[in-house]
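>>> Fold the following.
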Amino acid sequence: MPPLLYYSVNVYLKYHIQKTYRGDVHFAWVSSYFDPRRQPAYSAVAPRAPSSNPAVIYRNLREAVEGEEENDPKINEQKLSLKQRAVNWHNAGDITKAQLDDIVASVDFGPITQWRPLIYVIPNTIDPARVKSVPRRSRAGLGMEYKIEDLKGSEFDVIEVPPCFVP
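Numbering: from 1, shown residues only. Modelled structure (predicted):
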(Lines give C-alpha, C1' and ligand atoms only; values in the text may rest on other atoms or scores of the structure.)
Protein backbone atom coordinates (compact mmCIF):
# COMPACT_ATOMS: atom_id res chain seq x y z
CA MET A 1 0.00 0.00 0.00
CA PRO A 2 1.49 3.38 -0.96
CA PRO A 3 1.94 5.97 1.79
CA LEU A 4 -0.66 8.67 2.33
CA LEU A 5 2.04 11.33 2.53
CA TYR A 6 5.65 11.93 1.61
CA TYR A 7 7.95 14.15 3.66
CA SER A 8 11.00 16.14 2.72
CA VAL A 9 13.15 18.63 4.60
CA ASN A 10 14.79 21.44 2.70
CA VAL A 11 16.39 24.73 3.61
CA TYR A 12 14.49 27.97 3.12
CA LEU A 13 16.98 29.31 0.56
CA LYS A 14 16.53 26.26 -1.67
CA TYR A 15 12.76 26.68 -1.50
CA HIS A 16 13.07 30.40 -2.31
CA ILE A 17 15.45 29.83 -5.24
CA GLN A 18 13.26 27.16 -6.81
CA LYS A 19 10.14 29.26 -6.32
CA THR A 20 11.76 32.42 -7.71
CA TYR A 21 14.05 31.13 -10.47
CA ARG A 22 12.57 27.74 -11.37
CA GLY A 23 8.91 28.68 -11.76
CA ASP A 24 7.93 27.14 -8.40
CA VAL A 25 9.13 23.70 -9.50
CA HIS A 26 11.09 21.89 -6.81
CA PHE A 27 13.48 18.96 -6.55
CA ALA A 28 12.92 16.97 -3.35
CA TRP A 29 14.29 13.82 -1.77
CA VAL A 30 11.31 12.31 0.01
CA SER A 31 10.50 9.72 2.63
CA SER A 32 7.24 7.93 3.30
CA TYR A 33 7.72 8.62 7.04
CA PHE A 34 8.77 11.81 8.79
CA ASP A 35 10.66 9.80 11.40
CA PRO A 36 11.15 6.15 10.39
CA ARG A 37 12.69 5.44 13.81
CA ARG A 38 9.16 5.57 15.25
CA GLN A 39 8.18 2.51 13.22
CA PRO A 40 8.57 -1.05 14.54
CA ALA A 41 12.26 -1.96 14.83
CA TYR A 42 12.12 -4.77 12.26
CA SER A 43 9.85 -3.08 9.73
CA ALA A 44 11.15 -2.42 6.23
CA VAL A 45 11.21 1.35 6.84
CA ALA A 46 13.05 1.35 10.19
CA PRO A 47 16.62 0.91 8.85
CA ARG A 48 17.00 4.54 7.77
CA ALA A 49 20.34 6.31 7.97
CA PRO A 50 20.21 9.60 9.91
CA SER A 51 21.26 11.51 6.79
CA SER A 52 18.06 10.40 5.03
CA ASN A 53 15.68 10.71 7.98
CA PRO A 54 13.61 13.90 7.64
CA ALA A 55 13.21 14.31 11.42
CA VAL A 56 16.96 14.05 12.02
CA ILE A 57 17.77 16.39 9.13
CA TYR A 58 15.24 18.90 10.49
CA ARG A 59 16.64 18.79 14.03
CA ASN A 60 20.24 19.08 12.88
CA LEU A 61 19.55 22.04 10.59
CA ARG A 62 17.46 23.75 13.26
CA GLU A 63 20.27 23.35 15.82
CA ALA A 64 22.88 24.64 13.36
CA VAL A 65 20.83 27.72 12.50
CA GLU A 66 19.91 28.49 16.12
CA GLY A 67 23.57 28.03 17.13
CA GLU A 68 24.72 30.13 14.15
CA GLU A 69 26.95 27.24 13.05
CA GLU A 70 27.94 28.42 9.58
CA ASN A 71 30.35 25.50 9.08
CA ASP A 72 27.68 22.87 9.59
CA PRO A 73 28.29 19.96 7.17
CA LYS A 74 24.66 19.89 5.94
CA ILE A 75 24.66 23.65 5.33
CA ASN A 76 27.98 23.39 3.46
CA GLU A 77 26.57 20.52 1.40
CA GLN A 78 23.53 22.65 0.55
CA LYS A 79 25.74 25.60 -0.45
CA LEU A 80 27.72 23.47 -2.89
CA SER A 81 24.59 21.82 -4.26
CA LEU A 82 22.73 25.07 -4.83
CA LYS A 83 25.67 26.69 -6.59
CA GLN A 84 26.19 23.64 -8.81
CA ARG A 85 22.50 23.50 -9.68
CA ALA A 86 22.57 27.21 -10.55
CA VAL A 87 25.55 26.67 -12.85
CA ASN A 88 23.76 23.74 -14.50
CA TRP A 89 20.58 25.81 -14.97
CA HIS A 90 22.61 28.63 -16.50
CA ASN A 91 24.50 26.26 -18.82
CA ALA A 92 21.17 24.77 -19.92
CA GLY A 93 19.83 28.26 -20.68
CA ASP A 94 17.19 28.08 -17.93
CA ILE A 95 18.47 31.13 -16.04
CA THR A 96 20.41 34.23 -17.05
CA LYS A 97 23.94 35.15 -15.98
CA ALA A 98 22.47 37.84 -13.71
CA GLN A 99 20.21 35.24 -12.07
CA LEU A 100 23.17 32.89 -11.63
CA ASP A 101 25.12 35.70 -9.96
CA ASP A 102 22.15 36.50 -7.68
CA ILE A 103 21.86 32.87 -6.59
CA VAL A 104 25.59 32.55 -5.90
CA ALA A 105 25.60 35.82 -3.92
CA SER A 106 22.60 34.65 -1.89
CA VAL A 107 24.35 31.38 -1.10
CA ASP A 108 27.66 33.04 -0.23
CA PHE A 109 26.53 36.14 1.65
CA GLY A 110 23.05 35.58 3.06
CA PRO A 111 22.24 35.36 6.76
CA ILE A 112 22.35 32.05 8.64
CA THR A 113 18.56 32.16 8.96
CA GLN A 114 18.18 31.40 5.23
CA TRP A 115 19.43 27.88 6.02
CA ARG A 116 16.54 27.18 8.40
CA PRO A 117 14.71 23.93 7.69
CA LEU A 118 11.28 23.65 6.12
CA ILE A 119 9.17 20.50 6.09
CA TYR A 120 7.45 19.64 2.82
CA VAL A 121 4.29 17.58 3.28
CA ILE A 122 3.37 15.98 -0.03
CA PRO A 123 0.04 14.17 -0.45
CA ASN A 124 0.11 10.92 -2.38
CA THR A 125 -2.01 12.43 -5.15
CA ILE A 126 0.84 13.07 -7.55
CA ASP A 127 1.49 10.68 -10.41
CA PRO A 128 3.38 7.68 -8.95
CA ALA A 129 5.63 7.66 -12.03
CA ARG A 130 7.07 10.98 -10.83
CA VAL A 131 8.14 9.46 -7.48
CA LYS A 132 11.41 7.77 -8.39
CA SER A 133 13.06 5.13 -6.23
CA VAL A 134 16.65 6.01 -5.45
CA PRO A 135 19.01 3.16 -6.44
CA ARG A 136 20.72 1.39 -3.51
CA ARG A 137 24.18 2.71 -4.48
CA SER A 138 22.88 6.28 -4.03
CA ARG A 139 21.00 5.74 -0.76
CA ALA A 140 22.45 6.42 2.67
CA GLY A 141 21.30 3.06 4.07
CA LEU A 142 19.03 0.06 3.63
CA GLY A 143 15.75 1.98 3.85
CA MET A 144 14.01 3.07 0.67
CA GLU A 145 14.48 6.64 -0.48
CA TYR A 146 12.64 8.50 -3.21
CA LYS A 147 13.00 11.68 -5.19
CA ILE A 148 10.61 13.91 -7.06
CA GLU A 149 12.41 16.05 -9.61
CA ASP A 150 9.48 18.21 -10.75
CA LEU A 151 7.37 18.87 -7.66
CA LYS A 152 5.10 21.85 -8.23
CA GLY A 153 4.58 24.32 -5.40
CA SER A 154 0.84 23.68 -5.58
CA GLU A 155 1.40 19.97 -4.84
CA PHE A 156 2.73 20.29 -1.30
CA ASP A 157 2.46 22.24 1.93
CA VAL A 158 5.40 23.89 3.64
CA ILE A 159 5.63 23.77 7.41
CA GLU A 160 8.05 25.80 9.48
CA VAL A 161 7.95 24.66 13.11
CA PRO A 162 8.65 27.32 15.76
CA PRO A 163 11.74 26.48 17.87
CA CYS A 164 9.76 25.61 20.99
CA PHE A 165 7.90 22.87 19.09
CA VAL A 166 10.82 21.15 17.38
CA PRO A 167 10.00 17.41 17.28
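
>>> contact partners of the longest helix along the chain?
Across the chain, the longest stretch assigned as helix under DSSP state H is helix 73-91. Applying C-beta atoms under 8 Å, 6 or more residues apart in numbering, the external contacts of helix 73-91 come out as 11, 13-14, 17, 21-22, 27, 57, 60-61, 64, 69, 95-97, 99-100, 103-104, 107-108, 115. Every C-beta, even on glycine, is put in place using the N, C-alpha and C of the backbone.

>>> How about stretch 118-138?
2-12, 15, 26, 28-30, 34, 54, 58, 144-151, 155-161.

>>> ok, and for that stretch, which residues are buried?
Buried residues in stretch 118-138, defined by neighbour count with 16 or more other C-beta atoms under 10 Å: 118-120, 122, 126, 131.

>>> can you give me the helices for the protein?
12-21, 54-66, 73-91, 97-109.

>>> got JSON lines for those, with mean neighbour count and distance to R136 too?
Formatted as JSON lines, these follow (neighbours: other C-beta atoms under 10 Å; distance: least, C-beta to C-beta, whole Å):
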{"stretch": "helix 12-21", "mean neighbour count": "18", "distance to R136": "25"}
{"stretch": "helix 54-66", "mean neighbour count": "20", "distance to R136": "20"}
{"stretch": "helix 73-91", "mean neighbour count": "15", "distance to R136": "21"}
{"stretch": "helix 97-109", "mean neighbour count": "14", "distance to R136": "31"}
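
>>> Adding mean pLDDT and distance to P135, write these out as JSON lines.
Shown next, in JSON lines, are those (pLDDT from 0 to 100; distance: least, C-beta to C-beta, whole Å):
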{"stretch": "helix 12-21", "mean pLDDT": "97", "distance to P135": "23"}
{"stretch": "helix 54-66", "mean pLDDT": "91", "distance to P135": "20"}
{"stretch": "helix 73-91", "mean pLDDT": "95", "distance to P135": "19"}
{"stretch": "helix 97-109", "mean pLDDT": "97", "distance to P135": "28"}
